[in-house]
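Participant: sequence and predicted structure below; questions after.
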Amino acid sequence: MQTRFPNKALPYLLLSPSVIIVILFFVLPSLNSFYLSFFRVSSLGNKRIFIGLQNFTRLIADPTYRNAIIVSVKFAIFVVLSGLSVSLAVAVVANQRFRGFSLYRTLLIWPYALSPAIAGLIWAQMMDPNIGLVSHLLKIFLHFRFNYYTSSRDALGFIAVAASWKMLGYNIIFFLAGLQSLPAELLEAASIDGAGAWRRFWRISFPLLSPTTFFLFIMNTLYAFFQVFGLIHITTEGGPGRATDLLVYKLYRDGFIGLNTGYASAQSIVLLVMVSVLTIMQFRYAGSRVFYR
């Protein structure tokens, strides 16, 4: 059934706010960054010297930038895989019909409602090696001295777990909506045929959730590369020893602390291209396995 608008200009008018926001806050800044990436810009921004592709060739030779790529990929893999698997497990539990679970489902969205900076502050207090409750319990029960101030491994694991937790609520809501929209007759027929709960989930529920899983796979990847700046800035600031120096944080440090605008602009363009290529590959290879019922 097609919807016909009485006024042909009405659809464009309804879309115009979103289009204007995208142009103002994404397209124009991206074009400006692309332009600045070909210049060496003074710290005050009042002088520009055209240097062509030197900022991009400098990236290739920069060991700290290669380290940021490796750290970002490790971080993204952990956040995407752990976030999706844990949130799916929680959504399956939350989908059960027990008394009080409606309140439980409502509370699951709370972590996503927090800003990244607040989430980082909460985790920094819990995992602080001196006063943190969780780090103290790890020391008592597992004899593990957790210290994200000095240990590179602990620091990367710390921000990865915190970032995964921050995204759990978002993932759970979508998985829960997908689970509740599954056709009950298929699950009932499988149960009558003798299929257990585990078999019903992997053979029926999980394949039917593939559109939701694919969507969350894309969104979590974008989150891991672009939306964790506040979390890192409030906790580790890229340390120790650049162990948590993700691409988005290195871009900030070079552009806003080092005032190397041209070099930071080149990093932003490379990051945008990298994530765009990754997203296209996900649509090309993972998207072909999605089952739309």
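Facilitator: Now that the structure is in, tell me what you want to look at. Residues are numbered from 1 along each chain as shown.
Participant: how about the lowest-mean-pLDDT helix or strand in the chain: buried residues?
Facilitator: The helix or strand of the chain with the poorest confidence is helix 101-107; it has a mean of 75 (mean pLDDT, DSSP states H and E). For helix 101-107, burial by neighbour count (16 or more other Cβ atoms under 10 Å) applies to Arg105. In this view, the C-beta of every residue, glycine as well, is placed from N, C-alpha and C.
Participant: report all helices and strands that whichever helix or strand comes after that helix contacts.
Facilitator: Note on helix 101-107: by DSSP states H and E, the next helix or strand toward the C-terminus is helix 110-113. Secondary-structure packing of helix 110-113 (3 or more Cβ pairs under 8 Å, 6 or more residues apart in numbering; DSSP states H and E): helix 152-180.
Participant: now the helix it packs on: how far from the chain's centre is it?
Facilitator: 9 Å (Cα atoms, centre = their mean, to the nearest Å).
Participant: what does the helix or strand immediately after it in the chain contact?
Facilitator: Next along the chain after helix 152-180, taking DSSP H and E as the criterion, comes helix 184-192. Applying Cβ atoms under 8 Å, 6 or more residues apart in numbering, the external contacts of helix 184-192 come out as Arg199, Arg200, Arg203, Ile204, Ser205, Leu208.
Participant: tell me which residues in the host helix or strand of Val73 are buried?
Facilitator: Here Val73, judged by DSSP H and E, is contained in helix 63-94. Neighbour-count burial for helix 63-94 flags 65, 68-69, 71-73, 75-76, 78-80, 82-84, 86-88, 90-92, 94 (criterion: 16+ other Cβ under 10 Å).
Participant: tell me the mean pLDDT for it?
Facilitator: Regarding helix 63-94, the rounded mean pLDDT is 93.
Participant: likewise for stretch 112-125?
Facilitator: For stretch 112-125, the per-residue pLDDT averages 88.
Participant: which residues sit against that stretch?
Facilitator: The contact list for stretch 112-125 (Cβ under 8 Å, 6+ apart) reads 111, 131-132, 158-159, 161-162, 165-170, 173, 227-235.
Participant: what residues of it count as buried?
Facilitator: Neighbour-count burial for stretch 112-125 [16+ other Cβ under 10 Å]: Tyr112, Pro116, Ala119, Gly120, Leu121, Ile122, Trp123, Ala124.
Participant: Leu142 versus the residue lying closest to Ala160 once chain neighbours are set aside, what's the distance?
Facilitator: Nearest in space to Ala160, with sequence neighbours left out and distances taken as Cβ to Cβ, 6 or more residues apart in numbering, is Phe78 at 4.4 Å. Phe78 sits at a distance of 20 Å from Leu142 (criterion: Cβ to Cβ, to the nearest Å).
Participant: ditto for Leu208
Facilitator: For Leu208 relative to Leu142 (Cβ to Cβ), the value is 39 Å.
Participant: more neighbours: which of those two?
Facilitator: Shown here are Leu208 and Leu142; by other Cβ atoms under 10 Å, Leu208 has more neighbours (19 against 9).
Participant: contacting residues for Glu237?
Facilitator: So Glu237 contacts Tyr249 (Cβ under 8 Å, 6+ apart).
Participant: next, it: secondary structure please.
Facilitator: Under DSSP: H, G, I helix; E, B strand; the rest coil, Glu237 falls in the coil class.
Participant: hmm, the residue nearest to Ala160 is touching Ala162, no?
Facilitator: No. Phe78 is beyond contact range of Ala162, at 11.3 Å (criterion: Cβ atoms under 8 Å).
Participant: now the most centrally placed residue in the chain. Nearest residue, chain neighbours left out?
Facilitator: With distances taken as Cα atoms, centre = their mean, the residue of the chain nearest its centroid is Tyr223 (1.9 Å). Of all residues not flanking Tyr223 in the chain, Met167 sits nearest, at 5.8 Å (Cβ to Cβ, 6+ apart).
Participant: count of neighbours near Ser16?
Facilitator: Residues near Ser16, counting by other Cβ under 10 Å, number 11.
Participant: please, which helix or strand holds it?
Facilitator: Per DSSP H and E: helix 10-22 holds Ser16.
Participant: could you point out the helix or strand that follows that helix?
Facilitator: Criterion used, DSSP H and E; the element after helix 10-22 is helix 28-36.
Participant: neighbouring contacts of that next one?
Facilitator: Arg48, Thr261, Gly262, Ser265, Ser268, Ile269, Leu272.
Participant: mind checking which of the residues you listed are buried?
Facilitator: By 16+ other Cβ under 10 Å, these give Thr261, Gly262, Ser265, Ser268, Ile269, Leu272 as buried.
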